[in-house]
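Undergrad: Model the structure of this input:
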Amino acid sequence: MNDNIIKGAVFDMDGLMLDTEKLYLRYWKQASADFGYKMEDKHVFAIRSLARKYSVPKLKGFFGDDFPTEEVRARRTELINAHIEQHGIEIKKGLFELLDFLKSNGIRIAVATATQRDRTLLYLKKIDALSYFDAVICGDMVTNGKPKPDIYVTACKQIGLVPNQCTAYEDSPNGIKSAYSAGCHAIMIPDMTPPDDDILSMISAVYRSLDESIEFYKGRI
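TA: You can find the predicted model right below:
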């Protein structure tokens, strides 16, 4: 099998397609404050893209076993939903240029996000992007979420491909670890933080925006 030929592309959602990570940053901190805890940027960054089974013990490690993770998470979701209802969802630069390019070249496209399925479908419908995707795999559909490889392995399987036939788009270190360990060609579009030394060797390419990544496919499709 020629590892250079790309037949599929798998996308993270928050912070990658949607400019929503800044909302998670803002409202994780506000929700925690509502319950009497001081969450800082570094705490939010540490749980980006983490499946709940991994983020819960991490949060309790930061704030103690009494930290009400589910109540704070529910409050965070309430605040984000209210923000989106009032202001809509901002789309990351170049999203539709890239999706149109992939579709026009016969590339199969999937979503692999830690976000729950009902909210994922709602967001993708709101930005009129759902029809682009051949499969949507969410955090509540796999046993082991990011940074484990399961969600990317599942997404590739759902579009009839193996991971080394697929690019995987991520904005966070935990997502890159998931995509890389699955065997995908991990492409990073940094959002809130640049790639660090821990993940540089896992990344096939880094671009400033989604549309710039079209150049990755030259000679590969």
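Undergrad: can you give me how far the helix ranked longest in the chain is from the chain middle?
TA: If you go by DSSP state H, the chain has its longest helix at helix 69-87. Chain-centre distance of helix 69-87: 18 Å, with C-alpha atoms, centre = their mean, to the nearest Å.
Undergrad: got it, and stretch 110-119?
TA: With C-alpha atoms, centre = their mean, you get 8 Å for stretch 110-119.
Undergrad: what does that stretch rub up against?
TA: 8-14, 49-51, 77, 120, 123-124, 133-141, 145-146, 151-152, 154-156, 158-159, 168, 178-179 (C-beta atoms under 8 Å, 6 or more residues apart in numbering). Glycine gets a C-beta too; all of them are placed from N, C-alpha and C.
Undergrad: Among those residues, which ones are in strands?
TA: Residues of the contacts of stretch 110-119 located in strands (DSSP state E): 8-11, 135-138, 168.
Undergrad: What is the nearest of those to F62?
TA: Relative to F62, the closest of these is C138; by C-beta to C-beta it sits at 25.2 Å.
Undergrad: Report the residue ranges of every domain in the protein.
TA: 8-19+91-217, 21-87 (automatic domain parsing).
Undergrad: Return the most buried member of those domains.
TA: Highest mean neighbour count among those (mean count of other C-beta atoms under 10 Å): domain 8-19+91-217, with a mean of 20.
Undergrad: That one: end-to-end distance?
TA: The separation between the terminal residues of domain 8-19+91-217, taken as C-alpha to C-alpha, to the nearest Å, is 11 Å.
Undergrad: For it, give the mean pLDDT please.
TA: What domain 8-19+91-217 shows for mean pLDDT is 96.
Undergrad: partner residues bridging A112?
TA: Taking DSSP bridges as the rule, A112 bridges to I137.
Undergrad: measure it to D66 for me?
TA: 33 Å (C-beta to C-beta, to the nearest Å).
Undergrad: can you map out the helices along the protein?
TA: Along the chain, the segments classed as helices by DSSP H run 21-34, 41-46, 52-63, 69-87, 95-104, 117-126, 150-158, 173-182.
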